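# with the input below, show me the fold.
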Amino acid sequence: MARGKVTVFGGTGFLGRRVVKHLLEGEFSIRVASRHPERTGALFESINADINDDRSVIAAVAGVEGVVNAVSLYVESGQQTFHSVHVTGAARVARLAREAGVKRLIHVSGIGSDAGSASPYIRSRGEGEKVVRDAFPAATLIRPSVMFGRGDAFVGPVAKMLRHLPVFPLFGRGQTKLQPAHVEDVAEAIARAIQTTQSRMSYELGGPRIYTYRSLLEVIARHLRRKPLLVPTPFGLWHALASVAEMLPQPPITRNQVELMQIDSVASPGAPGFADFGISPTSLEDVLPEIVE
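Here you go, the predicted structure:
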């Protein structure tokens, strides 16, 4: 039997389009709210929406039972800032969803989000969680670790560089801990969270294995049958390189990515996670062939 309608903000993005797919598989009716509706398909309603515009958000949340906010920003540009997207925009979606009578709101954030961080990106994520909760107290927060999958912005680009570079620079000494999660598992968790009326207030979604950055590179390199020299590189140098790279149309590295690599991205012990959704998370090694083919 068909379920109710769900609006997915950011439904054309790396995570968002997977959320749409899993919700469709769960027999939900879908409205994709995006600034690029031409990227969507024919199986669902598509609407042009900007989370920084009241009128378009009101139209996007009208008449739906659930809302997923999977909008994120990695490089600031003009009026699109970390604060405008992760804080102001997120608060607008939450407030207008509540006023429209939406029953379930899923807000996607990230492990390590911290309103007290010196990093503008990490701080905006933490502030976003707070304003969403203030506007929609029953909202569920989904906090994934770094996500991998076909077309990702992490494993795929790293593999491409490992194929061609005999010497590979580490972030610091390569000891930052990561618990990467498969994007399909995260999307399925979100779809199940929409269905669960008694869900927890927040979930931290980490994969089945914790790596150091160095050990993660070694896993990818072995798959590629490469043995690059991994060279420790100070974070200060990375910040300088990222500042220059951000001037490019498609920067290969950004300052917020460097800042994220300075903190561990590991689920908190005892925090609700994949197991609470009945999901056995997929290992990176199992899907590496499809990511780096």
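
# output the biggest helix by length in the chain as CSV, restricted to C-alpha atoms.
Determined from DSSP state H, the single longest helix within the chain is helix 120-135. Extracted in CSV, the C-alpha atoms of helix 120-135 (Å, rounded to 0.1, in the frame of the first residue of the first chain):
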residue,chain,number,x,y,z
PRO,A,120,33.1,28.1,10.0
TYR,A,121,32.0,24.8,8.3
ILE,A,122,31.9,22.6,11.4
ARG,A,123,30.4,25.4,13.5
SER,A,124,27.6,26.1,11.0
ARG,A,125,26.7,22.4,11.1
GLY,A,126,26.5,22.4,14.9
GLU,A,127,24.5,25.7,14.9
GLY,A,128,22.2,24.2,12.3
GLU,A,129,21.4,21.3,14.5
LYS,A,130,20.4,23.6,17.3
VAL,A,131,18.2,26.0,15.3
VAL,A,132,16.5,23.0,13.7
ARG,A,133,15.7,21.5,17.1
ASP,A,134,14.4,24.9,18.3
ALA,A,135,12.1,25.3,15.3
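
# which helices and strands sit right next to that helix?
On a contact count with 3 or more Cβ pairs under 8 Å, 6 or more residues apart in numbering; DSSP states H and E, helix 120-135 meets helix 82-83, helix 90-99, strand 104-108, strand 140-144, helix 255-260. Quick note: C-beta positions are derived from backbone N, CA and C, even for glycine.

# would you turn the ones you listed into TSV with mean neighbour count, distance to Pro166 and mean pLDDT?
Shown next, in TSV, are the helices and strands packed on helix 120-135 (neighbours: other Cβ atoms under 10 Å; distance: least, Cβ to Cβ, whole Å; pLDDT from 0 to 100):
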stretch	mean neighbour count	distance to Pro166	mean pLDDT
helix 82-83	18	36	96
helix 90-99	22	43	98
strand 104-108	25	38	97
strand 140-144	24	33	97
helix 255-260	22	23	88
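
# between the ones you listed, which one is closest to Arg123.
With Cβ to Cβ as the measure, helix 82-83 is the member of those nearest Arg123 (7.9 Å).

# having no further points to raise, I will conclude here.
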